[in-house]
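Q: fold the following for me, if possible:
(chains A, B, C and D)
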Protein chains: 2
Amino acid sequence: MSDPERSSEPRPYHHGDLKTALLAQAEAILERDGIHALTLRGAARAAGVSHAAPANHFGDLTGLLSELAAVGFNRFSAALRAAVAAAGDEPSARAKAMGTAYVTFARAHPGLFLLMFRGERLDAARPALREAIEASRGALRAVATGFAAGGAKLPPLRLAAQAAAHWALVHGFSMLLLDGRLRGLIDSLPQGLGADELLDAVLETTRIGD
Amino acid sequence: MSDPERSSEPRPYHHGDLKTALLAQAEAILERDGIHALTLRGAARAAGVSHAAPANHFGDLTGLLSELAAVGFNRFSAALRAAVAAAGDEPSARAKAMGTAYVTFARAHPGLFLLMFRGERLDAARPALREAIEASRGALRAVATGFAAGGAKLPPLRLAAQAAAHWALVHGFSMLLLDGRLRGLIDSLPQGLGADELLDAVLETTRIGD
DNA sequence: GCTTGTATATTGACAATGTAAATATCACGC
DNA sequence: GCGTGATATTTACATTGTCAATATACAAGC
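A: Numbers count the residues shown, from 1 in each chain, chains lettered A, B, ... in the order given. All right, here's what the predicted structure looks like:
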């Protein structure tokens, strides 16, 4: 009996699960060589198909990037939810857990994280991306509102400001860290202290909303 | 007498100040069409020279982007210094002024700002960029240390954390704002309130280092 | 004044990419 | 069996970055 999955056999005309394979290869290229090295043809090459095959699944390059960003957002919100769920009920503990998870994700998947927040290259109208972003927003809001629950009578501007401040703090830290902009600061730390300790201290020393 | 600067005359073989002209055109393209539309050939076209002319001044595309980022950093640190200088002596007023100036610059020159913090596309070894970044760091540090002057006996980690927190907060706010990620939050604000008021509230409601 | 060298700009070429059109292969409903 | 639609290939073309060869201007030295 023929086994088309065997090694040196000529590949079948149809891949079978090309979309998934392309996304996997694209992510590998993204994390290995950066976003500017991520090309439609390169992903097709890595997946062992012709250069025009990806068009069937993604349309154009923006489509591939958007679907890949959607994968990232889904993983991202899962990581945030897991971290917050494991942190117990105390609002400040939940907030700190989410901040740590946020930065941890960025450091673990820098290429993906940067792509996710590079709206210029993405098509937010793609259903997959739209839904993934919506899910992430839900995960983020869960903490923001949970944190502000102590002061339910705050004016809307104050509430929004607290949410924005939490988000901006961890997002800015992630961005600066990934871009190497904190290297000087980190190198100036006492022996044995690194980005993790700096983030802890940042979250520790920052009071948002009282 | 001939006037080679006249309108319809055939352009002289040598431009005269091509490097400056290319940087200006590159910035215009960057702000108008985004970074992915900024090409060496496009800038050359806009400056009215041949497609290979830019190579003499920038080497490759990374060179052009790096020099443009250097222009951005110089303008950036000038804006920060001016804002802080106009804010008087009180540390908290200086910090707020710098935060506002930081975000204002990002909103006024979004393409430039994003380019400046996209290290993957830049060559930090370029002297112009290296010096411009160094100057910006000086401007940033001026406030960070000024703000921490009240507690000169703080441990190094605390000091670094305060600087990182200030920076991360305004940088994250800028990035999220430019990427449209705060739109939902801003749209949910009461009538007449926008990004400016949200930033004010963020800076108001956030306490860094007691 | 003339030559020579150097910085600057042009032309031509080449490989890589995104994208579109035409064609081929396959699975499945009928 | 036989279309029919989804998937993949092939071919083609414009654009881009980059390199090599050449042309032009200008300034310094003799």
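Q: going forward, measure contacts and count neighbours with C-alpha atoms only.
A: Fine.
Q: the closest residue to A:A195 other than its chain neighbours: which element?
A: Excluding the flanking residues, the one nearest A:A195 by CA to CA, 6 or more residues apart in numbering or on different chains is A:I186, at 6.5 Å. Using DSSP states H and E, A:I186 sits in helix A:183-187.
Q: now do the next helix or strand after that helix: distance to the chain's middle.
A: Counting by DSSP H and E, the next helix or strand C-terminal to helix A:183-187 is helix A:195-205. Its chain's average C-alpha position is 21 Å from that of helix A:195-205, according to CA atoms, centre = their mean, to the nearest Å.
Q: ok, stretch A:83-97 next?
A: With CA atoms, centre = their mean, you get 20 Å for stretch A:83-97.
Q: hmm, that stretch touching chain B?
A: No - Stretch A:83-97 does not reach chain B (CA under 8 Å from any CA of the partner chain); its nearest approach is 14.1 Å.
Q: now that stretch: buried residues?
A: Neighbour-count burial for stretch A:83-97, counted by 16 or more other CA atoms under 10 Å in any protein chain shown, picks out A:83-84, A:87, A:91, A:94-97.
Q: keeping just the C-alphas, turn it into CSV.
A: C-alpha atoms of stretch A:83-97 as CSV (Å, rounded to 0.1, in the frame of the first residue of the first chain):
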residue,chain,number,x,y,z
ALA,A,83,-2.0,34.0,34.7
VAL,A,84,-4.9,36.0,36.2
ALA,A,85,-6.8,32.8,37.0
ALA,A,86,-3.8,31.5,38.9
ALA,A,87,-3.4,34.7,40.9
GLY,A,88,-6.3,34.4,43.2
ASP,A,89,-8.9,37.1,44.0
GLU,A,90,-7.0,40.0,45.4
PRO,A,91,-7.2,42.8,42.8
SER,A,92,-3.6,44.0,43.2
ALA,A,93,-2.3,40.4,42.9
ARG,A,94,-4.3,39.9,39.8
ALA,A,95,-3.0,43.1,38.2
LYS,A,96,0.6,42.2,39.0
ALA,A,97,0.1,38.7,37.6
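Q: what is the mean pLDDT for that stretch?
A: The average pLDDT within stretch A:83-97 is 90.
Q: do stretch A:177-184 as well
A: If you average the pLDDT over stretch A:177-184, you get 97.
Q: now stretch A:135-144
A: The model assigns stretch A:135-144 a mean pLDDT of 83.
Q: who's in contact with it?
A: The contact list for stretch A:135-144, computed with CA atoms under 8 Å, 6 or more residues apart in numbering or on different chains, reads A:73-74, A:76-77, A:80-81, A:84, A:91, A:94-95, A:98, A:162-163, A:166.
Q: go with 6 Å
A: Stretch A:135-144 has contacts (CA atoms under 6 Å, 6 or more residues apart in numbering or on different chains) with A:77, A:163.
Q: show me what from chain A comes close to DNA strand C.
A: Residues of chain A lying near DNA strand C by CA under 7 Å from any atom of the strand: A:12-14, A:38-42, A:51-52, A:59-62.
Q: among the buried residues of stretch A:83-97, which lie within strands?
A: Counted as lying in strands by DSSP state E, out of the buried residues of stretch A:83-97, is not a single one.
Q: need the max-distance pair from those.
A: A:A83 and A:P91 (13.0 Å; CA to CA).
Q: and the next element down the chain from the lowest-mean-pLDDT helix or strand in chain A?
A: Least confident element among the helices and strands of chain A, by mean pLDDT, DSSP states H and E: helix A:127-148 (a mean of 83). Downstream of helix A:127-148, the first helix or strand assigned by DSSP H and E is helix A:156-178.
Q: is that next one in proximity to chain B?
A: Yes - against chain B, helix A:156-178 shows contacts by CA under 6 Å from any CA of the partner chain at A:161, A:165, A:168-169, A:171-173.
Q: by how many degrees do that helix and helix A:127-148 diverge?
A: Per axes from the mean of the first three to the mean of the last three CA atoms, to 10 degrees, the angle that helix A:156-178 makes with helix A:127-148 is 120 degrees.
Q: quick one: contacts of helix A:156-178?
A: Counting by CA under 6 Å, 6+ apart, A:99, A:103, A:144, B:168-169, B:171-173, B:198, B:201-202 sit against helix A:156-178.
Q: quick one: which of these is most hemmed in?
A: Highest neighbour count within these: B:F173, with 31 neighbours (other CA atoms under 10 Å in any protein chain shown).
Q: separation between that residue and A:F117?
A: Counting by CA to CA, to the nearest Å, the separation of B:F173 from A:F117 is 13 Å.
Q: cool, and A:R45?
A: 26 Å.
Q: for these two, indicate the residue with more neighbours.
A: Just comparing A:R45 and A:F117: by other CA under 10 Å the higher neighbour count belongs to A:F117, 20 against 15.
Q: report all helices and strands that the longest helix anywhere in chain A contacts.
A: Determined from DSSP state H, the single longest helix within chain A is helix A:61-85. Using 3 or more CA pairs under 6 Å, 6 or more residues apart in numbering or on different chains; DSSP states H and E as the contact test, the elements touching helix A:61-85 are helix A:91-108, helix A:127-148.
Q: as a markdown table, the contacts of helix A:156-178 with distance to DNA strand D would be great.
A: A markdown table is the format used below for these (distance: CA to the nearest atom of the strand, whole Å):
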| residue | distance to DNA strand D |
| --- | --- |
| A:G99 | 38 |
| A:V103 | 32 |
| A:A144 | 40 |
| B:A168 | 32 |
| B:L169 | 33 |
| B:H171 | 28 |
| B:G172 | 29 |
| B:F173 | 30 |
| B:L198 | 38 |
| B:A201 | 41 |
| B:V202 | 39 |
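Q: okay, buried residues for stretch A:104-124 please.
A: A:104-107, A:109-119, A:121-124.
Q: and what of stretch A:25-39?
A: Using 16+ other CA under 10 Å as the test for burial, stretch A:25-39 gives A:25-31, A:34-35, A:38-39.
Q: check stretch A:127-142 too.
A: Quick answer for stretch A:127-142 (16+ other CA under 10 Å): A:128-133, A:135-136, A:139-140, A:142.
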